[in-house]
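Engineer: Fold the stuff below for me.
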Amino acid sequence: MKWFNLEDNVNLLSIIAAIVLVVATIAVVGLYVRKMKTEKSGGELREGAEYDGIKEYKNPLPIGWAVIYILMLVWAIWYFLFGYPLNSYSQIGAYNEEVKAYNQKFEQTFANPDRDTLLAMGKGIFLVECSACHGITGNGMNGKAADLSVWGSEAGVLEAIKTGSKGLNYPLGEMNADNVTGNDAIAVAAFMAKDISAINSTKNPNYVAQGRENWMICAACHGEDGKGMEGMAPDITKYGSADFVVDVLNRGKLGFIGKMPAFNDGRLTDIQKRAVGEYVISLSKEN
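Structural biologist: Now for the predicted structure:
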């Protein structure tokens, strides 16, 4: 490290400031030491300022102090507008520029990734960001979090009907448990899986007609077409696709053990969110 690198504006400014402070300190201390030795109290006394026989002098604002105060304000404004750090090197700024350049390179490299690339990327991100709550296999660790191994499947729809959904950031709020029960619940799940969601199939085709009749219970919030009535509730036509997972990542989710934060703070790019979505959906398709 070069201590007296005068070519560096920040270093030069720091050295000048240090010299000024040392000189000013010596001068002020010397001045007041001399006054303590030679000067006696004097001046105009304040009216009514007497306590136990002790009177108080009027003490006007020292001109030197006022001048220095104004100069410090001027210097502070210059420092922030024209000096360091706004007009000079910033370590944080350099880091942000590096991150921006890396993200641009990442976006270019993975502009059109194939499914295998997305699944590999999504698995890596899932293990870092999601497995702490959902488990490394996505099974929710015995009910501690949502079981993603059925999420995006017909079984996941039936589970949501039975247990309800806390939801988050939707005006209509939480979906209660057991709005429909028994065979009616199986029928609604079959109808949604086949005719509403992105699953487009059902393991219970004989229940679809019955589910269509019972769908009006769900349509009160999700709409007849399942699109959520312009953002009042989740758009479940995306359920079973990576897009539904991406929506949850962007909005966050209120679960039964706490709140999953929204991943809209820049920690994941759009491609990474899509990769997580593809991986999460793949978990249910493996069963």
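
Engineer: Which residue ranges of the stretch 151-287 of the chain form strands?
Structural biologist: All strands of the stretch 151-287 of the chain, identified by DSSP state E, counting those that start in this stretch, fall at 253-254, 259-260.

Engineer: Pipe these into JSON lines and attach mean neighbour count and mean pLDDT per row.
Structural biologist: C-betas here are computed from N, CA, C, even on glycine. Shown next, in JSON lines, are these (neighbours: other C-beta atoms under 10 Å; pLDDT from 0 to 100):
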{"stretch": "strand 253-254", "mean neighbour count": "17", "mean pLDDT": "84"}
{"stretch": "strand 259-260", "mean neighbour count": "16", "mean pLDDT": "87"}
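
Engineer: Adding distance to Glu159, write the ones you listed out as CSV.
Structural biologist: Shown next, in CSV, are the strands of the stretch 151-287 of the chain (distance: least, C-beta to C-beta, whole Å):
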stretch, distance to Glu159
strand 253-254, 15
strand 259-260, 17
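
Engineer: Relative to Lys162, which of those strands is closest?
Structural biologist: When these are compared by C-beta to C-beta, strand 253-254 sits nearest Lys162, at 18.0 Å.

Engineer: For Leu119, grab the count of nearby residues.
Structural biologist: 16 (other C-beta atoms under 10 Å).

Engineer: quick one: pLDDT of Ser88?
Structural biologist: In this model, Ser88 is scored at 60, pLDDT.

Engineer: do you know which of the strands of the stretch 151-287 of the chain lies nearest Thr163?
Structural biologist: Closest of the strands of the stretch 151-287 of the chain to Thr163 is strand 253-254, at 13.5 Å (criterion: C-beta to C-beta).

Engineer: returning to what we had before: mind checking which of the strands of the stretch 151-287 of the chain is nearest Val208?
Structural biologist: strand 253-254 (28.6 Å).

Engineer: Which elements pack onto the closest one?
Structural biologist: Judged by 3 or more C-beta pairs under 8 Å, 6 or more residues apart in numbering; DSSP states H and E, strand 253-254 is in contact with strand 259-260.

Engineer: Run a quick neighbour tally on the closest residue to Ile236 other than its chain neighbours.
Structural biologist: Once flanking residues are discounted, Ile236 sits nearest to Gly226: 4.7 Å by C-beta to C-beta, 6 or more residues apart in numbering. Gly226: 21 surrounding residues under other C-beta under 10 Å.

Engineer: swap in Lys123?
Structural biologist: Lys123 has 19 neighbouring residues, counting by other C-beta under 10 Å.
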